[in-house]
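Colleague: Predicted model and sequence below, questions to follow.
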Amino acid sequence: MAASATVTGTSLVLQIDDLSTAGVDITLVDGAIGDLLGPGLVLYAGGVGAWTVAATGVGNGQSSIFGIDLNSLAISSNAGGTLRLSLTETDLALGMPGPISVTSLIGGTTQGSVSYASWVDDSNAAFGHGALLFSGASGAGAFAASGSQTVPVADPFSLTLQVDITHLSRQLTSFDFAAQVPEPGTLALLAVGLLGLGAATRRRQR
């Protein structure tokens, strides 16, 4: 689980970075040493600077619909600062020409604040920021948001999710963030689930 600033020749990668320190703190590559789950899944549970993190990344091969998912059930801090979680998957292919519609959905709760964004990259670069799909921010409390973009891409391409969590003191955050190309019925179910996650977590904190 050594730090790495460059990722090449990989498919699913999770990075976790305390922005108060130089370089990327944690880089987990699917199937490499330090990956605690099977193919198409990455998990990190442990410390990152002043932070305690439990986060998972789900690749397209493990998703019920085309897309990727970044999830954290518990992120806590002992002091103020900002933690960045990024998930990317390269070599994605839909097998059809023309533009695609990508929907991004996020839900969760925070005692600090969060900002988030998703991208599709037609050059197939890991953590590529080719076309911004969705972005937003939320203050303390439960939150949920979604957005869709239709973008021209050619196989292969990459998808990237990024969440920045800012805490002012000893605080907690949890979230679920996905970028997907879903069928309409599946999208509705996913949106309801993300809204429920935010409400349930807020009740537990109370």
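Modeller: Received it, and whenever you're ready, just let me know what you need. Please read these numbers as outputs of a predicted model, since none were measured by experiment.
Colleague: and S104, that's in a strand?
Modeller: Yes - assessed with DSSP: H, G, I helix; E, B strand; the rest coil, S104 lies in a strand.
Colleague: tell me which element the closest residue to it other than its chain neighbours is part of?
Modeller: Closest residue to S104 apart from its sequence neighbours, by Cβ to Cβ, 6 or more residues apart in numbering: F134 at 3.6 Å. (Each C-beta comes from the backbone N, C-alpha and C, glycine too.) Per DSSP states H and E, F134 falls inside strand 131-138.
Colleague: who does the next helix-or-strand element following that strand pair up with?
Modeller: Downstream of strand 131-138, the next assigned helix or strand under DSSP H and E is strand 141-152. Sheet pairing for strand 141-152, assigned by DSSP bridges, gives strand 99-110 (antiparallel).
Colleague: And the lowest mean pLDDT element among the helices and strands of this structure?
Modeller: helix 184-205 (a mean of 51; mean pLDDT, DSSP states H and E).
Colleague: Which parts of this protein are strands?
Modeller: With DSSP state E as the criterion, the chain has strands at 12-18, 26-29, 41-48, 51-58, 66-77, 81-92, 99-110, 113-121, 131-138, 141-152, 157-167, 172-181.
Colleague: Mean neighbour count added to those strands, as a markdown table?
Modeller: Output for the strands of the chain, formatted as a markdown table (neighbours: other Cβ atoms under 10 Å):
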| stretch | mean neighbour count |
| --- | --- |
| strand 12-18 | 24 |
| strand 26-29 | 22 |
| strand 41-48 | 17 |
| strand 51-58 | 21 |
| strand 66-77 | 21 |
| strand 81-92 | 22 |
| strand 99-110 | 22 |
| strand 113-121 | 22 |
| strand 131-138 | 16 |
| strand 141-152 | 16 |
| strand 157-167 | 23 |
| strand 172-181 | 23 |
